[in-house]
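Colleague: sequence and predicted structure below; questions after.
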Amino acid sequence: MKSVPVTDTPAPAAEPRPATAALALGDDALVLSHRLGEWAGHAPVLEEEVALANIALDLLGQARTLLSLAGDEDELAYLREERAFRNTQLVEQPNGDFAHTIARQLYFSTYQHLLYGQLAAAEGPFAPLAGKAVKEVAYHRDHAEHWTLRLGDGTEESHARMQRGLDALWRYTGELFEPVEELPVDWSALREGWLSAVTAVVERATLTLPSGPQNGAWTAGAGRQGIHTEPFGRMLAEMQHLHRSHPGASW
Amino acid sequence: MVSTPTVLEERLRALAGAVPDPELPVLTLAELGVLRGLHVTGPGRVEVELTPTYTGCPAVEAMSADIERVLHEHGQAEVSVRTVLSPAWSTDDITAEGRRKLEEFGIAPPRPTGPAAGGPIMVGLGIRCPHCGSTETTLLSRFSSTACKALRRCEACREPFDHFKEL
């Protein structure tokens, strides 16, 4: 992943690096990017294959910039153990069927769009990246919303699958609003904005907003603290094995 | 450190700006609006500022290499290309000549984004087919061969075409 250094974002040497927040945001982007990349060769139609890969590429670019704020991007991506990752559990969830992936996209891209919007408006080391990425994520959100409408208001089968995806992932959404230290974010406004946006799309799609708790008893903020779900270890093994088998190799 | 560019800086900036975009070689980097600055910092030493179109755009590395090569060929021994993110690049930074070339190349150019950055995305209206000029076009996919383009079809001539999305 080595490339041109991004030089207008890192804090000067006098200030400590905003490592906790950079890892939280960077890991969310990296892990979701990898999950979406798993659709390559498997998406239901060619256009969606390309769309999901393009969204993954945007996220990977964001991850590289964010992880570079915390240290060496390659070391952080390829050489950390599972417990050192700070991504939310939502983004590490396996793809499932296409509707399941779209539900994950709806929940996450709505969150990320609102979060980056706040970060872009605030002063701080994340403002340049957020100001740029918020425009990219607007397209991810648009993509997820349109597919939610199409599947929800589509056939009986697509409706049922979309509802199943929303229901299955709902319990991972509470963690998104656990405050991350160092971030100038109004978390309760973020949560309200997210809930009203997601509710509006779900209702327009003739679907039902899940009613269960947004957190399991043991999942509140768990991913941000390094506690992950079982499928994450397998994903990391696949993501890291080439780099670990051939240290220092490049294309 | 804002200063008037010297004659040498202007000449080198023109050279760097004339480098073709690796993805869309009909456009130069100057027309794409990604060349942010060029400073001569010593004899044979140049610093160039480049901004990516998208955060994950893989073309940035090729752009940097091409700029370095061209400036080396023109006597600059030490060329460093830095990536800057802020202010974020926008499709409004593509020059009028750049838009004209995109259309000629078969890519519908982006429409002006207006002042509401981060606002709602414009869909549907007024994207003209670069082949026949009809505005009866429909969206096939929000993401085309690259993240910066959407795939559309013209309802008049039935040809598919890429549209450079507003960003």
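Modeller: Yep, it's here.

Colleague: A:Ala144 contacts A:Gln105, doesn't it?
Modeller: Yes: look at A:Ala144 against A:Gln105 with CB atoms under 8 Å: they come within range, at 3.8 Å. Quick note: C-beta positions are derived from backbone N, CA and C, even for glycine.

Colleague: phi, psi of the nearest residue to A:His34 once chain neighbours are set aside?
Modeller: Distances taken as CB to CB, 6 or more residues apart in numbering or on different chains put A:Met239 closest to A:His34, at 5.3 Å, once the chain neighbours are dropped. The phi/psi pair for A:Met239 (degrees, to the nearest 10) reads phi -70, psi -40.

Colleague: which SSE is the residue in chain B positioned nearest to chain A in?
Modeller: Nearest residue of chain B to chain A: B:Gly56, at 2.3 Å (CB to the nearest CB). Assigned by DSSP states H and E, B:Gly56 falls within no helix or strand.

Colleague: ok, it touching A:Ile55?
Modeller: No: contact criterion CB under 8 Å: B:Gly56 and A:Ile55 do not qualify, at 9.7 Å.

Colleague: overlap in contacts, these two.
Modeller: Here B:Gly56 and A:Ile55 have B:Ala147 as joint contacts, going by CB atoms under 8 Å, 6 or more residues apart in numbering or on different chains.

Colleague: who's more crowded, the two?
Modeller: A:Ile55 (27 against 24; other CB atoms under 10 Å in any protein chain shown).

Colleague: roughly how far apart are the more buried one and A:Leu36?
Modeller: A:Ile55 sits 6 Å away from A:Leu36, taking CB to CB, to the nearest Å as the criterion.

Colleague: what of B:Arg152?
Modeller: Relative to A:Leu36, and taking CB to CB, B:Arg152 is found at 23 Å.

Colleague: for A:Arg171, same thing?
Modeller: Distance from A:Arg171 to A:Leu36, by CB to CB: 21 Å.

Colleague: what do you get for A:Asp97?
Modeller: Note on A:Asp97: its distance to A:Leu36, by CB to CB, is 14 Å.

Colleague: now do B:Ser64
Modeller: Applying CB to CB to B:Ser64 and A:Leu36 gives a distance of 27 Å.

Colleague: same check, this time on A:Arg86
Modeller: 19 Å.

Colleague: helix or strand: which one has B:His163?
Modeller: Using DSSP H and E, B:His163 sits in strand B:160-164.

Colleague: is there proximity between that strand and chain A?
Modeller: No: against chain A, strand B:160-164 shows no contacts by CB under 8 Å from any CB of the partner chain, the least distance being 10.8 Å.

Colleague: just how off-centre is that strand within its chain?
Modeller: Centroid separation for strand B:160-164 versus its chain: 16 Å, with CA atoms, centre = their mean, to the nearest Å.

Colleague: with stretch A:40-47 instead?
Modeller: 20 Å.

Colleague: and stretch A:193-212, by the same measure?
Modeller: With CA atoms, centre = their mean as the basis, stretch A:193-212 stands 19 Å off its chain's centre.

Colleague: put the alpha carbons of it into CSV.
Modeller: Taking Å, rounded to 0.1, in the frame of the first residue of the first chain, the C-alpha atoms of stretch A:193-212 are listed here in CSV:
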residue,chain,number,x,y,z
GLY,A,193,-29.9,12.0,12.7
TRP,A,194,-29.0,8.5,11.8
LEU,A,195,-32.2,7.0,13.3
SER,A,196,-34.5,9.5,11.5
ALA,A,197,-32.7,9.0,8.2
VAL,A,198,-32.7,5.2,8.4
THR,A,199,-36.3,5.1,9.6
ALA,A,200,-37.4,7.2,6.6
VAL,A,201,-35.7,5.0,4.1
VAL,A,202,-37.0,1.8,5.7
GLU,A,203,-40.5,3.0,5.8
ARG,A,204,-40.4,4.2,2.2
ALA,A,205,-39.2,0.7,1.3
THR,A,206,-42.3,-0.7,2.9
LEU,A,207,-40.1,-2.4,5.5
THR,A,208,-40.3,-2.4,9.3
LEU,A,209,-37.6,-0.8,11.5
PRO,A,210,-36.4,-3.5,13.8
SER,A,211,-37.6,-3.1,17.3
GLY,A,212,-35.1,-5.1,19.3
